[in-house]
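Visitor: Fold the stuff below for me.
(chains A and B)
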Amino acid sequence: KNEVEQSPQNLTAQEGEFITINCSYSVGISALHWLQQHPGGGIVSLFMLSSGKKKHGRLIATINIQEKHSSLHITASHPRDSAVYICAVRYNTDKLIFGTGTRLQVFP
Amino acid sequence: EPEVTQTPSHQVTQMGQEVILRCVPISNHLYFYWYRQILGQKVEFLVSFYNNEISEKSEIFDDQFSVERPDGSNFTLKIRSTKLEDSAMYFCASSVVVTGEAFFGQGTRLTVV
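Guide: Residues are numbered from 1 along each chain as shown, chains lettered A, B, ... in the order given. Alright, predicted model coming up:
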């Protein structure tokens, strides 16, 4: 069954902490996406990965194809990073299959 | 920066009524999608659309649902006879190619009463 699992479900951190969110999937994929959902509901694409590592500002995403695992890291976390972070994967179809998300709260 | 826009942001409708949710995808994108998120649940795929036809749809996308690209810019989702369980946030997305990065709109919150 094509599933996406994320951990942890909820995460709290103090400002400045290094954050890691994990995503595992069950079978081979064509691409993995990391997305951010703010309290208002809108979804913003952060990264699309099929191999290796990508960095944008304080955000880093890595993927290990053999392990079927990806991580999203946030360095020097800030309260404005508080959001739900969602992993979604694409198999050999049009659709993205979403994980349940990780709710991150960063306190000053 | 180009963005996907959705209207309305919130729609309340009575059970059994028809609703049309509207989306303007990014102008050079060729693939269009609708997803929905029931409150407290994960985002689910509804349908993808390419070259003026549905290319893939989920089990959720039954005969009550339809999509259309009536002109060169709009992409609509119609629900013919709404049910209480259709209450959800509906997201439109678009991409240049099916394997490319998907850009999402801000969503339309549909409440069926």
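
Visitor: is residue 90 in a bridge, and if so with what?
Guide: Answering for chain A, as no chain was given. Beta bridges link A:Arg90 to A:Ala31, A:Leu96 when assigned by DSSP bridges.

Visitor: that's the wrong chain, I meant chain B
Guide: Under the criterion DSSP bridges, B:Tyr90 forms beta bridges with B:Arg36, B:Thr108.

Visitor: That one: neighbour count?
Guide: If you count neighbours by other Cβ atoms under 10 Å in any protein chain shown, B:Tyr90 ends up with 22. C-betas here are computed from N, CA, C, even on glycine.

Visitor: How about the residues of chain B by chain A?
Guide: B:31, B:33, B:35, B:37, B:42-45, B:48, B:50, B:55-56, B:58, B:89, B:91, B:98-107, B:109 (Cβ under 8 Å from any Cβ of the partner chain).

Visitor: what's in contact with the one helix or strand A:Ala13 maps to?
Guide: For A:Ala13, the host element (DSSP states H and E) is strand A:10-14. Strand A:10-14 has contacts (Cβ atoms under 8 Å, 6 or more residues apart in numbering or on different chains) with A:19, A:21, A:77, A:102-107.

Visitor: Report the strands that pair with that strand, each with its relative direction.
Guide: When DSSP bridges is applied, strand A:10-14 pairs with strand A:102-107 (parallel).

Visitor: What residues sit buried inside the partner strand?
Guide: Neighbour counts using 16 or more other Cβ atoms under 10 Å in any protein chain shown place A:102, A:104, A:106 of strand A:102-107 among the buried residues.

Visitor: And the last one, how close does it get to chain B?
Guide: Put plainly, it is A:Val106. Distance, A:Val106 to chain B, using Cβ to the nearest Cβ, to the nearest Å: 22 Å.

Visitor: Report the separation between that residue and A:Gly40.
Guide: 18 Å (Cβ to Cβ, to the nearest Å).

Visitor: And the first one, by the same measure?
Guide: Between A:Thr102 and A:Gly40 the distance, using Cβ to Cβ, works out to 18 Å.

Visitor: For the most centrally placed residue in chain B, identify the helix or strand it belongs to.
Guide: By Cα atoms, centre = their mean, chain B has its centre lying nearest to B:Trp34, at 3.3 Å. Using DSSP H and E, B:Trp34 falls within strand B:31-37.

Visitor: For the residue nearest to the centre of chain B, report the pLDDT, please.
Guide: Predicted confidence (pLDDT) at B:Trp34: the value is 98.

Visitor: got it, and B:Gly72?
Guide: 78.

Visitor: A:Lys1 too?
Guide: pLDDT, A:Lys1: 58.

Visitor: same question, the one 5 residues further on
Guide: With respect to pLDDT, A:Gln6 scores 96.

Visitor: OK, contacts around it?
Guide: A:Gln6 neighbours (Cβ under 8 Å, 6+ apart): A:21-24, A:86-87, A:99-102.

Visitor: likewise B:Gly107?
Guide: Contacts for B:Gly107 (Cβ under 8 Å, 6+ apart) come out as A:41-43, B:6, B:9, B:37, B:89-91.

Visitor: Quick check: which ranges of chain B have low pLDDT?
Guide: Nowhere does chain B drop to pLDDT under 70.

Visitor: Show me where it has its helices.
Guide: In chain B, no helices are defined using DSSP state H.

Visitor: didn't A:Ser7 look like it was pressed against A:Thr100?
Guide: No: judged on Cβ atoms under 8 Å, A:Ser7 makes no contact with A:Thr100 at a distance of 9.8 Å.
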